[in-house]
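Participant: when you get a sec, could you give me coordinates for this:
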Amino acid sequence: MTIPAEGVSVTAPLRRAPFRALLAGRLLMYVGNSVASIALAFAVLDATGSVVHLGLVVGVRSLANVALLLLGGVLADRLPRSLMLQGACALAALSQGGIAAAVLLDSASLPLLLVLSLVNGAAAAAGLPAVLALTPQTVPAAILRQANALARISSQLGITVGMSLGGVLSGLIGPGWALAGNAALFAAAAPCFALVRVPAAPVGERANVLRDLLDGWTEFTARPWVWIVVAQFTVVNAVLSGGVVVLGPAVADTAFGREAWGVILGLQAVGALLGGLLAARWQPRRALCFGVALMLLEALPLVALAEAPHVPLLLPLMFFVGMATEQFGVAWEVSVQQNIAPEKLARVYSYDALGSFIALPVGEMAVGPIAERFGTGPTLLGAAALLVAATLAALSSREVRTLTRR
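Facilitator: Numbering: from 1, shown residues only. Below you'll find the predicted structure:
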């Protein structure tokens with residue numbers, strides 16, 4: 001399989017042992033995270049019967065993630081990134097194992113779930129900037145786009161398997177056992193990251209943490225297209241987390257069942273897998289603008305959940321949404337990695353993640369009360385309208401429309 005225009009094999013990064021180890025670790029991490037996202041939602045619903053409590057549990061995880069992301073970025077620019085990932089996986093395994101034990105022993109109280117979700121959010125904050133910034137260290141610059149596409153394909157393959165397993169296992173044997181398997185997957189990911197042996201990333205002048213954060217902020221704000229797209233995804237991620245993560249399982253429970261919801265989300269990941277393969281073979285020169293525009297498709301499943309929550313409709317919608325998301329994702333990763341200094345890359349990724357995720361706790365915690373007040377359907381339609389408005393605002397930026405990849 002080759003890229004006709006460039007003559008570079010899509011699988012060229014797989015010839016690099018560090019990249020293969022990174023790919024395996026990402027795969028295991030994303031399978032574990034995807035199983036957890038489904039199983040935890042149904043575990044909270046089983047334990048409390050409340051969509052408000054579900055929003056609190058997932059919101060606390062996101063809150064911890066947001067609060068510690070910047071520190072994670074600083075550490076990932078100072079310490080070996082593979083070591084950071086090993087520690088993050090170990091912490092995630094412990095926290096997810098604790099949640100599984102609580103569910104299986106019938107002691108999954110709301111306070112306990114909140115504490116363990118907070119710990120899990122801290123683990124994610126430690127690992128995210130490191131895993132994103134590590135990819136350019138494992139391959140030559142000439143195959144960076146292919147490497148990012150394959151890295152995201154690995155992640156989406158993990159999501160495909162994890163989402164399907166999460167829904168099916170939660171329905172067949174209960175969410176507790178699904179969460180236990182998820183903890184084991186994180187434990188298995190840590191040794192994979194230990195095999196990612198690469199030269200140390202360039203390190204700038206050592207300073208205190210505050211100075212490092214200010215340097216990262218300067219780098220982040222120096223390019224308008226960076227913060228404009230991040231601002232767009234502050235809105236996009238908030239409405240999707242509320243509409244899909246919190247209200248989606250509630251709609252599924254009343255409309256078509258948990259197993260079908262797992263299959264629907266799994267098919268979205270299949271679409272993302274194929275979208276990643278397409279992005280590895282082809283993207284337009286103005287790939288970032290193209291990817292941002294495709295985010296308009298994300299509004300369609302929200303409208304379908306509100307007006308016509310039927311499996312035959314949701315399956316193709318989520319599939320094409322998955323494809324669109326990966327076209328954007330590969331374009332974004334390559335744009336950032338080609339334009340940001342390597343010694344500041346993890347910090348810029350941490351600001352990117354902070355800006356993109358900062359509204360997640362608000363969206364997840366607020367959507368339950370809003371839906372109870374105004375109804376699930378109107379809440380989902382309002383979320384779709386916000387998503388469209390944010391995306392059109394980003395497309396109005398000349399910097400977003402004109403940025404070209406190398």
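Participant: mind checking which helix or strand the closest residue to residue 291 other than its chain neighbours is in?
Facilitator: Sequence neighbours aside, residue 328 is the residue nearest to residue 291 in space, at 3.1 Å (criterion: CB to CB, 6 or more residues apart in numbering). Every residue, glycine included, has its C-beta placed from N, CA and C. According to DSSP states H and E, residue 328 maps onto helix 311-339.
Participant: mind giving me the packing neighbours of that helix?
Facilitator: Judged by 3 or more CB pairs under 8 Å, 6 or more residues apart in numbering; DSSP states H and E, helix 311-339 is in contact with helix 110-138, helix 144-172, helix 224-240, helix 258-281, helix 287-294, helix 299-307, helix 345-357.
Participant: ok, 6 Å please
Facilitator: For helix 311-339, the packing partners by 3 or more CB pairs under 6 Å, 6 or more residues apart in numbering; DSSP states H and E come out as helix 144-172, helix 258-281, helix 287-294, helix 299-307.
Participant: which of these sits closest to residue 231?
Facilitator: The closest of these to residue 231 is helix 287-294. By CB to CB, the value is 11.6 Å.
Participant: okay, now the unreliable bits of this protein?
Facilitator: Low-confidence segments of the chain (pLDDT under 70): 1-8, 200-207.
Participant: what would the helices and strands packed on helix 311-339 look like in a markdown table with distance to residue 118?
Facilitator: Below are these laid out as a markdown table (distance: least, CB to CB, whole Å):
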| stretch | distance to residue 118 |
| --- | --- |
| helix 144-172 | 21 |
| helix 258-281 | 24 |
| helix 287-294 | 32 |
| helix 299-307 | 28 |
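Participant: what would those helices look like in TSV with mean neighbour count and distance to residue 228?
Facilitator: Shown next, in TSV, are these (neighbours: other CB atoms under 10 Å; distance: least, CB to CB, whole Å):
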stretch	mean neighbour count	distance to residue 228
helix 144-172	24	21
helix 258-281	23	21
helix 287-294	22	9
helix 299-307	21	19
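Participant: identify whichever of the ones you listed lies nearest to residue 387.
Facilitator: Closest among the helices and strands packed on helix 311-339, using CB to CB: helix 299-307, at 4.9 Å.
Participant: what's in contact with the closest one?
Facilitator: 243, 251, 313-314, 317-318, 377, 380-381, 383-384, 387-388 (CB atoms under 6 Å, 6 or more residues apart in numbering).
Participant: among those, which pair sits farthest apart?
Facilitator: Using CB to CB, the contacts of helix 299-307 reach their maximum pairwise distance at 251 and 388, which is 20.3 Å.
Participant: the two - which one has more neighbours?
Facilitator: Counted by other CB atoms under 10 Å, residue 251 and residue 388 do not tie: residue 251 has more neighbours, with 21 against 18.
Participant: ok but the more buried one is inside a strand, no?
Facilitator: No: counting by DSSP: H, G, I helix; E, B strand; the rest coil, one finds residue 251 to be helix, located in no strand.
Participant: quick check: which helices or strands does the longest helix belonging to the chain pack against?
Facilitator: Criterion DSSP state H: the longest helix present in the chain is helix 17-48. Secondary-structure packing of helix 17-48 (3+ CB pairs under 6 Å, 6+ apart): helix 51-78, helix 110-138, helix 144-172, helix 175-194.
Participant: show me what contacts the residue nearest to residue 172 when sequence neighbours are not counted?
Facilitator: The spatially closest residue to residue 172, leaving aside those adjacent along the chain, is residue 259, at 7.9 Å (CB to CB, 6+ apart). Taking CB under 6 Å, 6+ apart as the criterion, residue 259 is in contact with 167, 168, 171.
Participant: cool, thanks, talk later.
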